[in-house]
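In: Here is my input, please return the structure:
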Amino acid sequence: MSIRLNSLAVVCVVISAILLIAIGNTAAAAAQQSLEARPMDFVLVHNHSCLPACIQWISAEGKITAESPKSLNKLLKRLKGRKPPVVFQSMGGDVDAALSIGRIIRAAGLETAVGRTQLEGCPMVQPRCPEKIAKAGPSTGEVHSGGAYCFSACPFALAGGAVRAAAVNSSIGVHQITNGLLVTSLANPGHRNLDEISTDPSPALNEYLSSYLDEMGVNHQAVFAMMGLATPQGLYYVRNAEALTSGIITKTFSYNDEPGNVFSGSDD
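Out: Coordinates of the predicted model:
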């Protein structure tokens, strides 16, 4: 039995399909924006049952806030000396906190990398869904360096790694040098936030960041030069070769490599 649709019905079907796609895309974009605005947290993750061994890493994702260093310290105390790498995906945030995170990482002798974590059982639009984050011990998931990003204040935290890695198809982005003072926000008065910028750099801020980068073994002059290439409200996307020569990273992942260190199951 054949079914014929008149032209009006066909138009209605097409419009409905377009609307459904648009709604889905809008919802996905809103979910992604919400994830990027969420305060950074640190989650210990492994890639399978750890029998007898597995890849393990600390997933650090979200906006860097004044509370982020405390969260990292809390997790490191639980690890009792184990040293999985810290794998960042972040749009940036509080630069003071980013520097604190970097110093904590360096003092602990940890490596860092740019990477995105997908927890087992979580939807793609919410890859680290709260219900799959283990209350005790590591969560289970996968880590991928390709397509991950570390922007704004995030590269300062990344710089804390004794070894710092990124894939050829991940992204590192830096801002112009700014005073970074929040003028309109009362939430965190006095805290520098490189997502809220003024193009009037101060010598004190230059010295503050220079001292930190020198401490981490990163060429501050090269980093400042790249920052100067960014537009006032935009990012300069650091090329892989630039990241290596400046010391922002010390090695590059190939397309087949992923972050993480191997630990035995008994270390859980």
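
In: Least confident secondary structure element in this structure?
Out: helix 7-37 (a mean of 49; mean pLDDT, DSSP states H and E).

In: Within the sheet, what are the partner strands of the helix or strand that that helix is followed by, with directions?
Out: Past helix 7-37, further along toward the C-terminus, the next helix or strand under DSSP states H and E is strand 41-46. According to DSSP bridges, strand 41-46 forms sheet pairs with strand 53-61 (antiparallel), strand 139-144 (parallel).

In: Nearest to Ala108, out of those?
Out: strand 53-61 (10.3 Å; CB to CB). C-beta coordinates here come from the backbone N, C-alpha and C atoms, glycine included.

In: contacts for the closest one?
Out: Residues outside strand 53-61 that contact it (CB atoms under 8 Å, 6 or more residues apart in numbering): 35, 40-48, 50, 72, 75, 84-90, 101, 110, 113, 115-117, 128, 138, 141, 143, 157, 258-265, 267.

In: If you drop the residues flanking it in sequence, what lies closest to Leu76?
Out: Ala108 (5.9 Å; CB to CB, 6 or more residues apart in numbering).

In: And for Arg106?
Out: Distances taken as CB to CB, 6+ apart place Gly160 nearest to Arg106, at 4.6 Å, with adjacent residues excluded.

In: Surely that neighbour touches Thr112?
Out: Yes: when contacts are counted by CB atoms under 8 Å, Gly160 is listed as touching Thr112 (6.3 Å).

In: before we move on, the earlier item: can you pull the contacts of the residue nearest to Arg106?
Out: 101-106, 110, 112, 216.

In: Produce a PyMOL select command limited to the buried residues of the contacts of strand 53-61.
Out: Command for PyMOL that selects the buried part of the contacts of strand 53-61, burial taken from 16 or more other CB atoms under 10 Å:
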select buried, resi 35+40+41+42+43+44+45+46+47+50+72+75+84+85+86+87+88+89+90+101+110+113+115+116+117+128+138+141+143+157+258+259+260+263
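
In: tell me which residues of the helix or strand encompassing Leu213 are tucked away?
Out: In the assignment (DSSP H and E), Leu213 maps to helix 203-216. By 16+ other CB under 10 Å, the buried positions in helix 203-216 come out as 205, 208-209, 212-213, 216.

In: Could you list every helix and strand that it packs against?
Out: helix 95-108, helix 154-158, helix 220-228 (3 or more CB pairs under 8 Å, 6 or more residues apart in numbering; DSSP states H and E).
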